[in-house]
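Novice: Turn this into a model:
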Amino acid sequence: MSQYVGAIDQGTTSSRFIVFDKGGNIVSVAQKEHKQIYPKPGWVEHDPLEIMANTNEVIGAALARANLSATDLVAVGITNQRETTLLWDKKTGQPLCNALVWMDTRTDQLVQRFTKDGGQDRFRAKTGLPLATYFSGLKLLWILENVEGARAKAESGDALFGTIDSWMAWNLTGGTNGGIHLTDVTNASRTMLIDLATCDWDEEMLKHFNIPRACLPKIVPSSAVYGEIHTAPLRGTRLAGILGDQQAALVGQTCFSPGEAKNTYGTGSFMLMNTGTEPVQSKAGLLTTLAYQFGDEKPRYALEGAIAITGALVQWLRDNLKLFDVAPQIEPLAASVQDNGDVYIVPAFSGLYAPYWKDDARGVIAGLTRYATRAHLARAALESTAYQVRDVVEAMQADSGITLAALKTDGGMVANELLMQFQSDILDAPVVRPKMTETTALGAAYAAGLAVGYWANVDDLRANWGIDKTWEPKMTADVRDHHYKSWKKAVQRSFAWVD
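Specialist: Numbering: from 1, shown residues only. Prediction:
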């Protein structure tokens, strides 16, 4: 008898497959990184064929490690890096170009083109999003305008658009032999092409961006049985859940009540607050987005603060500046000094996202003196993550009118206890790490399991959630205020770098 649920977690730097049991515990996991391709400054690409091959490889590896087969899984869910955009040939299954990654900034000219008439927020009331390089609709338009033959194929329906969830679902359910072309409401809400109120493609937005409807996937709930998987090693299993990665973490953290929020610390960091069945328009620089939709229930909405660079700054210090050999070494290095030595790093490598939305910002290191060492840089890098999260928390409180009681955290950086303590200090609020920190994959598993009745309802999921550790603030108010004031000064220095 089937006992487990599988989750494909396709992230910015790697693909994983995790098998969960009914208690939300990991039974088996396998992971593999894929290449980051940087053809020009600001351009970031992935090879979709490599991602699909790696995904199939980790599925096989995770099942083999636990001596499992497809028949042991009741269903499989997908969670994916959002906004990363591709267009592929329906007949051959070949991508027309590499995938444009969410942090790619090549659409900056398109952003300028559309902001000239009506400003950055001209589509915000309908889509919940400002005009920015981040979202997938403009990335698709760039492909249509710059890849030879792309528009003709898209208009005839011979080329299919999708974010990574659509690419995976199509390949898993048959590909060129009848693959299902779909995306869930959470990924669709990041395209700038849907009306938040209807959760459907919006004719007016398609017309504005000159996007042919023929290439677009069908929009489906986040939790529903979509079809059967046809590819080994999951052949015969049901595909039953899709959530963009940050919404998946919200579900994995069981934030099912309005006002509940989580922050995921990954390549970037993303804070989401459940706002219930009505979209809340942001006045403080946040995104209004779909949180999830389970089956026939009303969609749930969220406010989101998206930060482009957090964990990626640690990678940059490791790979580009060679400050340490492996990422975990940043914590003892940062802890070897008492404070940041008045050094602040604003990692605006691809502009600043929430709450600033400055495409023309670029990274700065401020406050350098001869006193500063690599340890101060390491500490400043960790602290920059916490400052950016506070920027988002303040915006979220302003929009929602809800004061944050505690911050639920997850993602790779929550293992860094120095960062978690500083986060609590700079927020002046408790920071909570759950027992299960792989909440993104867990959310995809929950969506799939709910669709097939493996879990009866969200109360079953809430029962699985438990606390591993809580950090309480220790910093004095005057030190907190000094640090945050200096941070805001450094952020100002990063603006308007690109002409």
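
Novice: For the rest of this, base every contact and every neighbour count on C-alpha atoms.
Specialist: Will do.

Novice: Name the nearest residue to residue 363, ignoring sequence neighbours.
Specialist: residue 348 (4.2 Å; CA to CA, 6 or more residues apart in numbering).

Novice: Now for that neighbour: which residues touch it?
Specialist: Counting by CA atoms under 8 Å, 6 or more residues apart in numbering, residue 348 touches 308-309, 361-364, 494.

Novice: likewise residue 192?
Specialist: 123, 127-129, 135-137, 205.

Novice: same question, residue 38
Specialist: 44-45.

Novice: From residue 103, how far out is it?
Specialist: According to CA to CA, to the nearest Å, residue 38 and residue 103 sit 11 Å apart.

Novice: so what sits against both of these two?
Specialist: Common neighbours of residue 38 and residue 103 (CA under 8 Å, 6+ apart) are residue 44.

Novice: Scan this structure for its longest helix.
Specialist: Counting by DSSP state H, the longest helix found in the chain is helix 374-400.

Novice: what element comes up after that one heading to the C-terminus?
Specialist: Scanning forward in sequence from helix 374-400 by DSSP states H and E, the next helix or strand is strand 407-410.

Novice: Other residues contacting that next one?
Specialist: Outside strand 407-410, the residues touching it (CA under 8 Å, 6+ apart) are 249, 253, 261-265, 429-434, 437-439.

Novice: repeat that for 10 Å
Specialist: Outside strand 407-410, the residues that touch it by CA atoms under 10 Å, 6 or more residues apart in numbering are 249-250, 252-253, 255, 260-266, 269, 271, 393, 420, 423-424, 427, 429-440, 467, 470-471.

Novice: circling back: mind giving me JSON lines with the contacts of residue 192 and columns for distance to residue 284 and neighbour count?
Specialist: Formatted as JSON lines, the contacts of residue 192 follow (distance: CA to CA, whole Å; neighbours: other CA atoms under 10 Å):
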{"residue": "123", "distance to residue 284": "16", "neighbour count": "19"}
{"residue": "127", "distance to residue 284": "16", "neighbour count": "25"}
{"residue": "128", "distance to residue 284": "12", "neighbour count": "25"}
{"residue": "129", "distance to residue 284": "12", "neighbour count": "26"}
{"residue": "135", "distance to residue 284": "19", "neighbour count": "25"}
{"residue": "136", "distance to residue 284": "22", "neighbour count": "29"}
{"residue": "137", "distance to residue 284": "23", "neighbour count": "24"}
{"residue": "205", "distance to residue 284": "24", "neighbour count": "18"}
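
Novice: tell me which of those residues is nearest to residue 457?
Specialist: Taking CA to CA as the measure, residue 457 lies nearest residue 128 of the contacts of residue 192, at 28.8 Å.

Novice: my guess is the closest one meets residue 278, correct?
Specialist: No. The pair residue 128 / residue 278 is not scored as a contact, 12.0 Å apart, by CA atoms under 10 Å.

Novice: And for the residue lying closest to residue 419 once chain neighbours are set aside, the neighbour number?
Specialist: Excluding the flanking residues, the one nearest residue 419 by CA to CA, 6+ apart is residue 382, at 6.0 Å. Neighbour count of residue 382, defined by other CA atoms under 10 Å: 27.

Novice: List the contacts of residue 382.
Specialist: Contacts of residue 382 (CA under 10 Å, 6+ apart): 310-311, 313-314, 330-331, 334, 340, 344-345, 413, 416, 418-420, 422-423.

Novice: ok, now residue 174?
Specialist: Counting by CA under 10 Å, 6+ apart, residue 174 makes contact with 180, 228-231.

Novice: So residue 405 is in contact with residue 431, correct?
Specialist: Yes. Look at residue 405 against residue 431 with CA under 10 Å: they come within range, at 9.4 Å.

Novice: quick one: which of those two has more around it?
Specialist: Neighbour count, other CA under 10 Å: between residue 405 and residue 431, residue 431 has more, with 23 against 13.

Novice: What is the three-state secondary structure of residue 263?
Specialist: Put simply, residue 263 is strand when judged by DSSP: H, G, I helix; E, B strand; the rest coil.

Novice: Name the helix or strand for the nearest residue to it once chain neighbours are set aside, please.
Specialist: Among residues not flanking residue 263 along the chain, residue 271 sits closest, at 4.2 Å (CA to CA, 6+ apart). In the assignment (DSSP H and E), residue 271 maps to strand 269-276.

Novice: Run through the neighbouring helices and strands of the following helix or strand past that strand.
Specialist: As assigned by DSSP H and E, the chain's next helix or strand after strand 269-276 is strand 287-292. Here strand 287-292 touches helix 124-127, helix 185-188, strand 238-244, helix 245-252, strand 269-276, strand 300-307, going by 3 or more CA pairs under 10 Å, 6 or more residues apart in numbering; DSSP states H and E.

Novice: Take the ones you listed and lay them out in JSON lines including distance to residue 386 and mean pLDDT.
Specialist: Converted to JSON lines, these look like this (distance: least, CA to CA, whole Å; pLDDT from 0 to 100):
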{"stretch": "helix 124-127", "distance to residue 386": "27", "mean pLDDT": "93"}
{"stretch": "helix 185-188", "distance to residue 386": "26", "mean pLDDT": "97"}
{"stretch": "strand 238-244", "distance to residue 386": "23", "mean pLDDT": "98"}
{"stretch": "helix 245-252", "distance to residue 386": "18", "mean pLDDT": "94"}
{"stretch": "strand 269-276", "distance to residue 386": "10", "mean pLDDT": "91"}
{"stretch": "strand 300-307", "distance to residue 386": "11", "mean pLDDT": "92"}
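
Novice: if we compare the ones you listed, which one ends up closest to residue 86?
Specialist: helix 185-188 (13.3 Å).

Novice: Just the CA trace of that closest one, in PDB.
Specialist: The C-alpha trace of helix 185-188 is given here as PDB (Å, rounded to 0.1, in the frame of the first residue of the first chain):
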ATOM      1  CA  VAL A 185      -2.600  30.100  -9.600                       C
ATOM      2  CA  THR A 186       0.500  31.000  -7.500                       C
ATOM      3  CA  ASN A 187       2.900  30.800 -10.500                       C
ATOM      4  CA  ALA A 188       0.400  32.500 -12.800                       C
END
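
Novice: contacting residues for the residue nearest to residue 34 when sequence neighbours are not counted?
Specialist: Closest residue to residue 34 apart from its sequence neighbours, by CA to CA, 6+ apart: residue 14 at 5.5 Å. Residue 14 is in contact with 31-36, 51, 54-55, 81, counting by CA under 10 Å, 6+ apart.

Novice: quick one, phi/psi of residue 14?
Specialist: Dihedral pair for residue 14: phi -160, psi 170, per degrees, to the nearest 10.
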